[in-house]
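A.B. asks: sequence unknown, structure follows:
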């Protein structure tokens with residue numbers, strides 16, 4: 001029997017499949033379905049400090065700043081009743097999940113202020129989550145913001161957070177860093193227990209009818225996995241922290257490639273939205289069959305065996321492969337080049 005056991009930030013997981021932050025992980029009934037289907041852990045929807053700030057401002061406006069112009073008429077104002085904030089609901093969710101599920105529950109946090117990152121991370125820890133994924137999602141539009149400034153900001157943040165909580169912190173990165181391998185190594189030195197490679201930026205679109213900028217949502221595709229697999233293979237020889245592959249992983253083939261490259265866990269989202277939680281069981285069955293055919297007895301046996309250091313042709317991960325790929329292209333029949 002194949003042993004799927006892997007490690008995630010010091011936690012032992014029964015297999016490498018971890019549903020990422022998304023609609024299914026935010027509902028307890030769906031979370032139970034994910035666990036029943038074989039999910040080894042799950043990541044909750046992100047808690048956004050921006051939303052918390054906006055919510056607090058709205059509550060202050062409607063509850064504390066009402067004035068109808070006559071002090072004697074204040075009794076006509078509505079009675080203010082306590083209401084649960086987004087933070088309260090997230091903390092309650094963590095408590096309920098920990099009571100109902102037997103798999104690790106990972107919180108996800110996106111902050112905007114130094115104090116907010118630390119304060120909310122401590123709140124999430126107190127609620128009982130097993131780890132925190134730092135959703136480092138941000139776009140830098142200013143011409144004065146240099147790449148090294150962004151990196152130093154994230155390194156300082158991770159260092160402060162790692163010193164402020166006792167549970168593991170995982171940095172979820174974009175692919176927009178110029179020196180990915182070096183930056184991940186520095187994140188490990190700063191205290192990160194893992195990195196998630198890579199966050200997906202949802203790109204805005206231009207509506208040609210209204211001439212407005214509008215958000216656009218599209219699910220990931222298998223083609224997205226190639227960038228993740230390449231960089232995991234490049235990073236793996238240089239760090240000991242957890243490497244999580246996320247973005248475009250839909251079937252057992254994608255999962256196996258990420259593990260061979262050096263991933264410890266693989267996150268699933270779009271495939272779960274398309275096929276439902278039960279697809280996890282199908283992927284695990286296909287993984288078991290493939291590993292048995294290739295005479296692998298455990299996930300740990302194959303992890304990283306095709307990383308940059310261990311691959312027979314490591315140049316395949318580099319730009320040296322560029323010309324070979326171009327030369328290998330064959331035009332469609334009837335097309336003159």
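C.D. replies: Right, received. Where do you want to start? Quick caveat, the model's predicted, so the values are computed rather than measured. Numbering: from 1, shown residues only.
A.B. asks: ok, the residue lying closest to residue 298 once chain neighbours are set aside - contacts?
C.D. replies: Closest residue to residue 298 apart from its sequence neighbours, by CB to CB, 6 or more residues apart in numbering: residue 3 at 3.9 Å. Placement of C-beta: from N, CA and C, glycine included. Residues counted as contacts of residue 3 (CB atoms under 8 Å, 6 or more residues apart in numbering) are 297-300.
A.B. asks: can you do 10 Å?
C.D. replies: Applying CB atoms under 10 Å, 6 or more residues apart in numbering to residue 3 gives the contacts 14-15, 291, 296-301.
A.B. asks: same question for residue 215.
C.D. replies: So residue 215 contacts 202-205 (CB under 10 Å, 6+ apart).
A.B. asks: in strands only, show me the residues you listed.
C.D. replies: 204-205 (DSSP state E).
A.B. asks: and the contacts of residue 215, which two are furthest apart?
C.D. replies: Spanning the widest gap among these are 202 and 205, at 9.9 Å by CB to CB.
A.B. asks: anything in contact with each of these two?
C.D. replies: 215-216, 218.
A.B. asks: can you list which of the residues you listed are found in strands?
C.D. replies: Those of these lying in strands (DSSP E): residue 215.
A.B. asks: and the shared contacts of residue 202 and residue 205 as JSON lines, adding distance to residue 228 and pLDDT?
C.D. replies: What follows is these, written out as JSON lines (distance: CB to CB, whole Å; pLDDT from 0 to 100):
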{"residue": "215", "distance to residue 228": "23", "pLDDT": "84"}
{"residue": "216", "distance to residue 228": "21", "pLDDT": "80"}
{"residue": "218", "distance to residue 228": "17", "pLDDT": "81"}
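A.B. asks: same list (the shared contacts of residue 202 and residue 205) but as TSV, adding distance to residue 238.
C.D. replies: TSV is the format used below for these (distance: CB to CB, whole Å):
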residue	distance to residue 238
215	36
216	35
218	33
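A.B. asks: from the shared contacts of residue 202 and residue 205, which single one is nearest residue 311?
C.D. replies: residue 218 (31.7 Å).
A.B. asks: list the contacts of the closest one.
C.D. replies: 200, 202-203, 205, 270.
A.B. asks: can you check residue 30 too?
C.D. replies: 19, 22-24, 42, 272, 276-277.
A.B. asks: same question for residue 43.
C.D. replies: 18-22, 25, 104-108, 129, 131-133, 135, 170, 172, 196, 244, 246, 267, 269.
A.B. asks: any idea how far the residue nearest to residue 298 lies from residue 13?
C.D. replies: Per CB to CB, to the nearest Å, residue 3 is found 12 Å from residue 13.
A.B. asks: and if you look at residue 160?
C.D. replies: Taken as CB to CB, the span from residue 160 to residue 13 is 27 Å.
A.B. asks: who's more crowded, those two?
C.D. replies: residue 13 (21 against 17; other CB atoms under 10 Å).
A.B. asks: report pLDDT for that one.
C.D. replies: Listed pLDDT for residue 13 reads 98.
A.B. asks: low-confidence regions, this structure specifically.
C.D. replies: Across the chain, the ranges flagged by pLDDT under 70 are 54-83, 320-323, 325-326, 329-337.
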